[in-house]
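Engineer: Pasted the sequence and its predicted model underneath.
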Amino acid sequence: MSDDREKLKALLLSEEMAQIEALRKLWSDNQLLSAKISEVLGQAADLTIAKDPSFQKKFSKIDSKSYVKAIKANKEMFIDTLTPIMGPMIRRSVTSAIRRLSSDINRAIELGFSAKALKWRWLAFRTGVPFTEIVFNNTIEYQVQQIFLIDNNTGLLIQHAGHEESLLQDKDAFSAMLTAIQDFVKESVTNEGQSLTAAELGDSLVWLVPGNRANIAVVIKGAPTQRLHNTFIQATENIHIEFHHEIADEKLWNNNPELKVELEKLLLTKTQSDPENEKKKSNFGLWLFLFLLLSLLSWAVWSTYKEHQLHKRITTQLNQTPGFILSDLEHKEDEFIASGLQDPLTDFSHLDEKVTIKGTPFISLDDDIIKLRIEKILDEPNIIVQVKDQMVTLQGAVNKTQAVNQRITFASMLPGISRLTDLSTQYPVLETWESYIQSNPIPNGIEAKKVNDTIHLSGASTQQNFDELINKVKKFGKIDSTAVEVFSINELEQLITKIPMNIINTTALNLQQTGRLDEIALTFKKMLIIRRDAKIQLTAQSDCQGPALISNTNSQSRLSLVQSYLTAKGINNKNITTNIMKCTTDTGQKDHSKIVVKFEVIQ
Amino acid sequence: MISKKVCMIGRFAVGKTSLVDRYVKNHFSEKYQTTVGVAISTKIMDESTKFVIWDIAGFEQDNHYKPYLRGAHAIIFVVDATEPESLHTLSQILADSPELKDLPSVCFINKTDLVDEIIWQDEFTDTITELTDHHFWTSAKTGDNVEDGFVALSHLLS
């Protein structure tokens, strides 16, 4: 039965069974299976990548272990392979490193002591980020302005990112021209395998980063770093992996938003400007904080210094204050409190600041305080007190009453005074009319009397005496001098002496002669008012006719007659002197005009 | 918009640059200025096509021009109607780069304004026909047929 079934199965399904057997054989034979899969693997991979570009990355993932194994197993082969390229690689790497080092050193020297470097050091200290890293981040001074992804076969632009307005040329023309230049350089200048990788355009730089199918051209303003270059190399590889399909399909060129976004990510000025701004903001905050901190410190230092200076100044002032011995000075709540020994007479008005004094009373023997003490006791502003080394001198003018003298005596007994010298003088008391009359007699011939405010003058006086008197007494009141007769001594003297009196008779005087003598007596009396010691000298002479004795006797008789008359008229004899011009011989000639008595005022 | 790489091919002084200037800038200069290497111009042909025109020099130097032809979408052959020898240059180029025959192309027989100097024979036209199916008698100086030639090429590419 089973055989029949087997036969039937073989009859009906022999072809299918053969196919299943072939498949089983294929499945179990790795070599056959590999050969079969390899036939479709390429096509399958392309389809998979087209559907899912990320598959490319998985597909191209490198298994480092396999490399290690391979190298270990075939050392010599790898050495032979790598040796020709190791030399140029090392040289290029060393050159690049030296260039970077040189650039870094220059930059470090340039920035080593600048304010910016100090700021970075502070930032490094604050954030914990290494200083070198901060310097690196801050010294990247470039701006990626344009990025072109260019098909390296046609030179046509695959995608562009950047500000088209800043391009002078059409971006397609730019791409084509760059490719043309690359081709030109490659063909004309460089060795095989090398191509143009950078070109300088004024202060801008164009980097050409080669890729398998497309090159990236980057227009950079400023001084880019090697790190940026590495970034673009990496970006080129990534773009080739992630946008493999877009790069391959011309229809998608210049119309691929995703690729454009990817390129725009490489416009590093955008991505770096924001952190820079943030840095600036944080730097501003830092600077503000530093400024405030510095201001606070400055204020604190300044305040301390100012208070110290104030304390010092007040201490000095208090130490120099007479009558105060400072023991302590405190500053509490905007107020200074000084404690020490204080004389009651101590004056604190000269202090600059308000100081509360907590003093213990004592008697100061300081010269200034002694001076104040004496001045207070004397209470005489006109007395000038000088104290030096406890020796006191009083000066000035004062009405030295008994009370004043007592106070001076008391002052000399105060403690701390070794000697008191009183050099003060009597200050004149206000003069009254009575005291003036007592001490200043009125000139002869004038009588003065004060009635109320008027001084009445009477009598006779010379003009000079009268004027002097008026000047002296006018300060005592009004002057009434209507009763004063003012005359001149010379005039009086002339009146007396002008005419000799002719006298013949020796026994009696006639009326004319007595009239003349009355006039002389009155005039002489006036003169005596002023000049009490004045004397009138009478001189008799004759014509000497006859015997000389008789002539002389007659002359004597005439003198006696005149003197007696003048005496009778009130003139004292002591104010009269007589003289005779005696005759010695007889002239023999009678001449009455020569028989005269002459008058003369002497002294 | 799709960009197309269009290469101008022809002997020196046949008027390649003048033709591009006439078409792109509508400008013509009597003064001759030789092109060094390559000059690039662009022209939007229509809503979907933009020409990136490679005005290539140096066809007299062996193979120096070849890198510039790489990836070209279309070719514009240029000959000088007054200089039949320029046709020979084109033949040499095609001999060196036969792949160009497969590309869409037109041929400008230029300098037709120099009527008295035109030296042309039917066999020359036959030769051109071997190069391309489309040729135009052009004058960069007057602008005759220049635009027509470029537009025709554009149609070939679309």
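Structural biologist: Okay, I see it. Just so you know, these numbers come straight off a predicted model, no measurement behind them.
Engineer: and stretch A:144-156, anywhere near chain B?
Structural biologist: Yes. Stretch A:144-156 lies within reach of chain B by C-beta under 8 Å from any C-beta of the partner chain, at A:151, A:153, A:154, A:155, A:156. (C-beta placed from N, C-alpha, C; glycine too.)
Engineer: Closest one to residue A:561 out of the residues you listed, please.
Structural biologist: residue A:155 (178.6 Å; C-beta to C-beta).
Engineer: of the residues of stretch A:144-156 next to chain B, buried ones?
Structural biologist: A:151, A:154, A:155, A:156 (16 or more other C-beta atoms under 10 Å in any protein chain shown).
Engineer: Mind checking which of the residues of stretch A:144-156 next to chain B land in strands?
Structural biologist: residue A:151 (DSSP state E).
Engineer: Can you add pLDDT and give the residues of stretch A:144-156 next to chain B back as a markdown table?
Structural biologist: As requested, the residues of stretch A:144-156 next to chain B are arranged in a markdown table below (pLDDT from 0 to 100):
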| residue | pLDDT |
| --- | --- |
| A:151 | 91 |
| A:153 | 87 |
| A:154 | 89 |
| A:155 | 89 |
| A:156 | 90 |
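Engineer: how about the residues of chain B near chain A?
Structural biologist: Residues of chain B found near chain A (C-beta under 8 Å from any C-beta) are B:1-5, B:37-38, B:40-42, B:50, B:52, B:54, B:64, B:67-68, B:70-73.
Engineer: May I see the PyMOL selection of the buried members of those residues?
Structural biologist: Buried residues among these (16+ other C-beta under 10 Å), as a PyMOL selection:
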select buried, chain B and resi 2+3+4+5+37+38+40+41+42+50+52+54+64+67+68+71+72+73
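Engineer: circling back: from the buried ones among the residues of stretch A:144-156 next to chain B, which single one is nearest chain B?
Structural biologist: Comparing those against chain B with C-beta to the nearest C-beta places residue A:154 closest, at 3.1 Å.
Engineer: wait, doesn't that closest one sit right on residue B:71?
Structural biologist: Yes. Using C-beta atoms under 8 Å, residue A:154 is in contact with residue B:71, at 3.1 Å.
Engineer: anything in contact with each of these two?
Structural biologist: Here residue A:154 and residue B:71 have residue B:5 as joint contacts, going by C-beta atoms under 8 Å, 6 or more residues apart in numbering or on different chains.
Engineer: how far does the helix or strand where residue B:152 lies sit from the chain's center?
Structural biologist: Secondary structure assignment for residue B:152, by DSSP states H and E: helix B:146-157. Relative to its chain's centre, helix B:146-157 lies at 11 Å (C-alpha atoms, centre = their mean, to the nearest Å).
Engineer: what comes up buried for stretch A:222-230?
Structural biologist: Counting neighbours by 16+ other C-beta under 10 Å, stretch A:222-230 gives A:224, A:225, A:228, A:229 as buried.
Engineer: A helix includes the last one, no?
Structural biologist: Yes. Secondary structure of residue A:229, determined by DSSP: H, G, I helix; E, B strand; the rest coil: located in a helix.
Engineer: how about TSV for the buried residues of stretch A:222-230, with pLDDT and distance to residue A:536 added?
Structural biologist: Converted to TSV, those look like this (pLDDT from 0 to 100; distance: C-beta to C-beta, whole Å):
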residue	pLDDT	distance to residue A:536
A:224	81	145
A:225	79	144
A:228	84	147
A:229	86	151
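Engineer: Where do the strands of chain B begin and end?
Structural biologist: Using DSSP E, the strands of chain B run over B:2-10, B:38-44, B:49-56, B:74-80, B:105-110, B:135-137.
Engineer: quick one, phi/psi of the residue lying closest to residue A:589 once chain neighbours are set aside?
Structural biologist: Distance criterion C-beta to C-beta, 6 or more residues apart in numbering or on different chains; nearest residue to residue A:589, sequence neighbours excluded, is residue A:545 at 5.7 Å. For residue A:545, the backbone dihedrals (degrees, to the nearest 10) come out as phi -100, psi 120.
Engineer: same check, this time on the one 5 residues further on
Structural biologist: Residue A:550 adopts backbone torsions of phi -60, psi -40, taken as degrees, to the nearest 10.
Engineer: Give the burial count for it, as a bare number.
Structural biologist: 14 (other C-beta atoms under 10 Å in any protein chain shown).
Engineer: State the pLDDT value of residue A:430.
Structural biologist: At residue A:430, the model reports a pLDDT of 60.
Engineer: ah, wrong one, I meant residue A:191
Structural biologist: 60.
Engineer: just residue A:16 next, same as before
Structural biologist: As predicted, residue A:16 sits at a pLDDT of 85.
Engineer: burial measure for it, as a count.
Structural biologist: Using other C-beta under 10 Å as the criterion, the residues surrounding residue A:16 number 9.
Engineer: do residue A:416 as well
Structural biologist: By other C-beta under 10 Å, neighbour count at residue A:416 equals 15.
Engineer: Test my guess that it contacts residue A:390.
Structural biologist: Yes. Here residue A:416 reaches residue A:390: they are 5.5 Å apart, a contact under C-beta under 8 Å.
Engineer: how big is the angle separating the helix holding residue B:152 from strand B:2-10?
Structural biologist: 120 degrees (axes from the mean of the first three to the mean of the last three C-alpha atoms, to 10 degrees).
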